[in-house]
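>>> build the 3D model from these lines:
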Amino acid sequence: MSGTADTAIKHFTPDIASKHGEHLTREVAHFIIETGYDGLPAEVIDLARKSILDGLGLALSGSVAESGRIIQSYLDAQNLSGSATVIGTAQRVPERFAAFANGIGVHADDYDDTQLAVAKDRVYGLLTHPTAPCLPAALALTESMGASGRELLLAYNLGLEVETKIAEAISPRHYQHGFHATATCGVFASATAAAKLYGFGLEPTLRALSIAASQAAGLRENFGTMTKPLHAGRAAEAGVIAADLAKAGWTAALGILESPRGFFQAHGGGFDLEAISGRLGNPWTFLMPGVSIKPNPSGSLTHPGMTTMLEIILANDIKPEDVEKVDVGTNHNMPNALIHHRPTNELQAKFSMEFCMAILLLERRGGLPEFTDEVVNRPDVKAMIERVNFGVHPEAEAAGYDKMTTIIDIHLKDGRVISGRADFGKGSPANPMSYDEVADKFRGCAEFARWPQAKTEDIVETVRSLENLRSVRELTALLAP
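Numbering: from 1, shown residues only. So this is what the prediction gives:
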């Protein structure tokens, strides 16, 4: 990040920390405690329903991923017994372990929603996959408690709001130096949801946030491996652990966000106070800048390019044999996350712009069936990947890091060059999915998991009117055999 951008970040010194004291963490805690269901705008509830349905579908498809099978075997070996559902299975385990397993499931295919940025120095990748650490914790606890759909919606929305505002505020170097914000900021989502559901007052809420902060971890070097979804699962579990310990009287620092040895300073070297203070629910992140739902099971940074590429292919009826080469250009931050230029497995392919372009040219689609080890290693896929050149484009660089600007030039063998550009992909607030479109994505995930069609349709309709659900157990019953 340039020196100009860095000067906008407010770095703490002992004097500044003393001036602020415990104010910021207390402000967050008061927001959690004082916000009720009636404080949720109707549009926020509508948007939350879509992300919740999306998350549940991804937990189903994630349950049949290799990572899902490993986690299920791991939980079986622990001889656990509890009241919370591991989605897609008959396993019922203590809440923390259900949050853990389902958090991994939601993020297993890297197909889950993405928080967008406000400030231009906040690279998209800096921020979070907000539902993966939040929904599993809220769902496990509401199921165990027999709580209502409204209680689930409230806990989920509060957790997501706290998580995303913390992610917006922390210095960009947090992400640039290797932290995965879904993991590190996600612990606050699950802790917030749990604290709200437990009905905590001020001090237990502060302690829950503090205990969660000391569990915040996750490194971007693990992108393209099973450890990336592990980050989401551990973040979901960490908040439940934190709230359980706080409820038991466990002690912790009460100003964990803003203190000179606290979360913001230790994990980022500073933060922008104005990005969080007075901003919780003002506006809600769901309303501005929004949360993007993924149309493809790959890193969100690939989606503008995939949206544009598919549009070009279909509009011009481009056949694979017509293509000489493809040039794809973005800002310099995007190749820092899309690091697998010659992928050898499905997880690497999710972080490969080259694969994402190649598979669309070959198959005209890029869904769960395409992101498999078998497809990634097909000779025709590997050959097409060799024709894709991915790098930095000055026009995309100039557009700013708050966009995923992607510029595509398809060079055809007949000498033509067909070009396209996109700043955002399908599913972003600029080009959103409707509830019915998300429901179609959910159906695809359920089909991938071989889920019964009747249950699939019941889940779609249950979430459509989630605020009317008397007990979340009615929903979780549809997510188990």
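>>> from here on, contacts and neighbour counts on C-alpha atoms
OK.
>>> nearest spatial neighbour of residue 266, skipping sequence neighbours?
Closest residue to residue 266 apart from its sequence neighbours, by CA to CA, 6 or more residues apart in numbering: residue 260 at 7.9 Å.
>>> most centrally placed residue in this protein?
With distances taken as CA atoms, centre = their mean, residue 129 lies nearest the centre of the chain, 1.3 Å away.
>>> pull the number of nearby residues for residue 415.
Residue 415 sits with 9 neighbouring residues when counted by other CA atoms under 10 Å.
>>> give me phi/psi at residue 203?
Dihedral angles phi and psi of residue 203 (degrees, to the nearest 10) take the values phi -70, psi -50.
>>> give the closest residue to residue 113 in space, chain neighbours not counted.
By the measure of CA to CA, 6+ apart, the closest residue to residue 113 outside its immediate chain neighbours is residue 293, 4.4 Å from it.
>>> wait, the one you found touches residue 110, no?
No - with contact defined as CA atoms under 8 Å, residue 293 and residue 110 do not form a contacting pair (11.2 Å).
>>> what residue of this protein is the furthest out?
Distance to centre of the chain, CA atoms, centre = their mean, peaks at residue 414 (41.6 Å).
>>> quick one on the thing from earlier: residues touching the residue nearest to residue 113, list them.
51, 54, 112, 113, 114, 427, 428, 432, 433 (CA atoms under 8 Å, 6 or more residues apart in numbering).
>>> now do 10 Å
For residue 293, the contact set (CA atoms under 10 Å, 6 or more residues apart in numbering) comprises 50-51, 54-55, 111-115, 129, 300, 425-429, 432-433, 438.
>>> and for residue 243?
190-198, 200, 204-212, 249-250.
>>> find the nearest non-adjacent residue to the residue farthest from the centre of the chain, please.
Using CA to CA, 6+ apart and skipping the chain neighbours, the partner closest in space to residue 414 is residue 322 (7.7 Å).
>>> surely that neighbour and residue 412 touch.
Yes - between residue 322 and residue 412 there is a contact at 5.6 Å, judged by CA atoms under 10 Å.
>>> and these two? which has more neighbours close in?
More neighbours surround residue 412 than the other of residue 322 and residue 412, with 18 against 14 (other CA under 10 Å).
>>> what number of residues lie near the closest residue to the more buried one other than its chain neighbours?
Excluding the flanking residues, the one nearest residue 412 by CA to CA, 6+ apart is residue 323, at 4.6 Å. Other residues near residue 323 number 20, with proximity taken as other CA under 10 Å.
>>> cool, and residue 302?
25.
>>> then residue 257?
Each residue near residue 257 was counted by other CA under 10 Å, and the total is 26.
>>> now swap in residue 102 and tell me
Look at residue 102: counted by other CA under 10 Å, it has 36 neighbours.
>>> over to residue 213?
26.
>>> let me know the pLDDT of it.
At residue 213, the pLDDT value in this model is 98.
>>> so residue 206 makes contact with residue 23?
No - the criterion here is CA under 10 Å, and residue 206 misses it with residue 23 at 11.1 Å.
>>> show me where the stretch 301-450 of the chain has its strands.
Shown for the stretch 301-450 of the chain, the strands assigned by DSSP state E, counting those that start in this stretch span residues 323-330, 388-392, 406-412, 417-422.
>>> would JSON lines of the ones you listed with distance to residue 398 and mean pLDDT be doable?
JSON lines is the format used below for those (distance: least, CA to CA, whole Å; pLDDT from 0 to 100):
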{"stretch": "strand 323-330", "distance to residue 398": "10", "mean pLDDT": "98"}
{"stretch": "strand 388-392", "distance to residue 398": "11", "mean pLDDT": "97"}
{"stretch": "strand 406-412", "distance to residue 398": "12", "mean pLDDT": "98"}
{"stretch": "strand 417-422", "distance to residue 398": "14", "mean pLDDT": "96"}
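>>> just list whatever residues bridge to residue 115.
Under the criterion DSSP bridges, residue 115 forms beta bridges with residue 291.
>>> contacts only, for residue 349.
For residue 349, the contact set (CA under 10 Å, 6+ apart) comprises 224, 297-299, 338-343, 355-356, 370-373, 375-376.
>>> which of those are buried, as a ChimeraX select command?
Per 16 or more other CA atoms under 10 Å, the buried members of the contacts of residue 349 correspond to this ChimeraX selection:
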select :224,297,298,299,338,339,340,341,342,343,355,356,370,371,372,373,375,376
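>>> before we move on, back to that, surely the residue nearest to residue 266 is within a strand?
No - looking at residue 260 with DSSP: H, G, I helix; E, B strand; the rest coil, it is coil, so not inside a strand.
>>> neighbours around it, how many?
The tally of other residues near residue 260 (other CA under 10 Å) stands at 22.
>>> what pLDDT is listed against it?
93.
>>> now swap in residue 120 and tell me
68.
>>> what's the answer for residue 335, then?
For residue 335, pLDDT reads 91.
>>> do you know how far the residue nearest to residue 412 is from residue 365?
17 Å (CA to CA, to the nearest Å).
>>> do residue 47 as well
26 Å.
>>> same question, residue 182
27 Å.
>>> kindly report the same for residue 208.
In this view, residue 208 and residue 365 are 44 Å apart by CA to CA.
>>> which of the two has more neighbours?
Taking other CA under 10 Å, residue 208 and residue 365 do not tie; residue 208 has more neighbours (33 against 15).
>>> sorry, back to before: mutual contacts of residue 293 and residue 110, please.
With CA under 10 Å, 6+ apart as the test, residue 293 and residue 110 both reach 129, 300.
>>> any idea of the mean pLDDT for the host helix or strand of residue 189?
In the assignment (DSSP states H and E), residue 189 maps to helix 186-197. When pLDDT is averaged over helix 186-197, the result is 98.
>>> send the alpha carbons of that helix over as PDB?
The C-alpha trace of helix 186-197 is given here as PDB (Å, rounded to 0.1, in the frame of the first residue of the first chain):
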ATOM      1  CA  GLY A 186     -14.800 -13.700  12.100                       C
ATOM      2  CA  VAL A 187     -14.300 -14.600  15.700                       C
ATOM      3  CA  PHE A 188     -16.100 -11.400  16.600                       C
ATOM      4  CA  ALA A 189     -19.100 -12.400  14.500                       C
ATOM      5  CA  SER A 190     -19.600 -15.700  16.400                       C
ATOM      6  CA  ALA A 191     -18.900 -14.200  19.800                       C
ATOM      7  CA  THR A 192     -21.400 -11.400  19.100                       C
ATOM      8  CA  ALA A 193     -24.100 -13.900  18.000                       C
ATOM      9  CA  ALA A 194     -23.500 -16.000  21.100                       C
ATOM     10  CA  ALA A 195     -23.400 -13.100  23.500                       C
ATOM     11  CA  LYS A 196     -26.700 -11.800  22.100                       C
ATOM     12  CA  LEU A 197     -28.400 -15.200  22.300                       C
END
